[in-house]
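Trainee: Mind folding the following:
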Amino acid sequence: MNQNGNLITLPSESELQTLRDQIGEAKRIAEYVQLKRDLQDIVSKSVNMPNEFEGVMQIPDTEQVLKSKREKPRFLELLTERLRGMFSVRPIIGNVIALLIACVLLYSIYDQLGVTHATKDFLSIGIEIFAAIQIIKSGTRSLLLPFLALIIGCTASHSIASNNLIFHFGKDFYQHLMVVGIIGLGVSVLSID
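Mentor: Purely as a prediction, here's the structure:
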């Protein structure tokens, strides 16, 4: 009985089961909606954030990417993080390996191969062209190799005389390396979003 003296009727077992089923269905729907939101966030982050091999040259600056749980990141934080990613080695590790192989081949051509000087020049020019292509290709994923080519080329070509050699290469080689660095950075400028 309640306060007014009326009898309180308790719901039957089938009505209780129906209410339990409705509550369970409401919980499942809420969990489904939450899982759907979480999945959408994960997909959005995976689409907008490059993996370790793609590089950071083409990160879209959408509001979703720039959101964080704390306060909005400062401009300098965004700039330094982006630059650190742009100079990362991971996206260009294949290019670095190719350049190391090219260096070993050039060493072998000049110091180990017993052929005429004209054949050495012909082989080394081919290897140098392939290395230059690797530097330019890496410019689409990282600024590191084009920037290093530019710095090394500038430094070496301005510091040595025209008849001196550094690692079997003269001033012309380092000037060409500088030009390759400039072209690689130009490619980088075109691929930055």
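Trainee: Packing partners of the host helix or strand of His158?
Mentor: Using DSSP states H and E, His158 falls within helix 144-159. Judged by 3 or more Cβ pairs under 8 Å, 6 or more residues apart in numbering; DSSP states H and E, helix 144-159 is in contact with helix 93-107, helix 117-138, helix 171-191. No exception for glycine: its C-beta is placed from N, CA and C like everyone else's.
Trainee: quick one: average confidence on the last one?
Mentor: Helix 171-191 shows an average pLDDT of 85 in the prediction.
Trainee: cool, the first one as well?
Mentor: Confidence over helix 93-107, taken as the mean pLDDT, stands at 85.
Trainee: The second one too?
Mentor: Averaging pLDDT along helix 117-138 yields 84.
Trainee: So which bits of that helix are buried?
Mentor: Buried residues in helix 117-138, counting neighbours by 16 or more other Cβ atoms under 10 Å, are found at 120, 123-124, 127-128, 131-132, 134-138.
Trainee: helices or strands up against that helix?
Mentor: Using 3+ Cβ pairs under 8 Å, 6+ apart: helix 117-138 touches helix 93-107, helix 144-159, helix 171-191.
Trainee: Tell me what angle the shortest one forms with helix 144-159.
Mentor: For helix 93-107 and helix 144-159, the angle between their directions (axes from the mean of the first three to the mean of the last three Cα atoms, to 10 degrees) works out to 40 degrees.
Trainee: so what secondary structure elements neighbour helix 93-107?
Mentor: Looks like helix 93-107 contacts helix 117-138, helix 144-159 (3+ Cβ pairs under 8 Å, 6+ apart).
Trainee: where does the longest one sit relative to the chain's centre, distance-wise?
Mentor: It refers to helix 117-138. Offset of helix 117-138 from its chain centre (Cα atoms, centre = their mean, to the nearest Å): 27 Å.
Trainee: got the contact list for that helix?
Mentor: By Cβ atoms under 8 Å, 6 or more residues apart in numbering, the surrounding residues in contact with helix 117-138 are 92, 95, 98-99, 102, 105-106, 109-110, 113, 144-146, 149, 173, 176, 180-181, 183-184, 187.
Trainee: Drop anything exposed from those.
Mentor: Among the contacts of helix 117-138, the ones that count as buried by 16+ other Cβ under 10 Å are 92, 95, 98-99, 102, 105-106, 109, 144-146, 149, 173, 176, 180-181, 183-184, 187.
Trainee: Sounds good, over and out.
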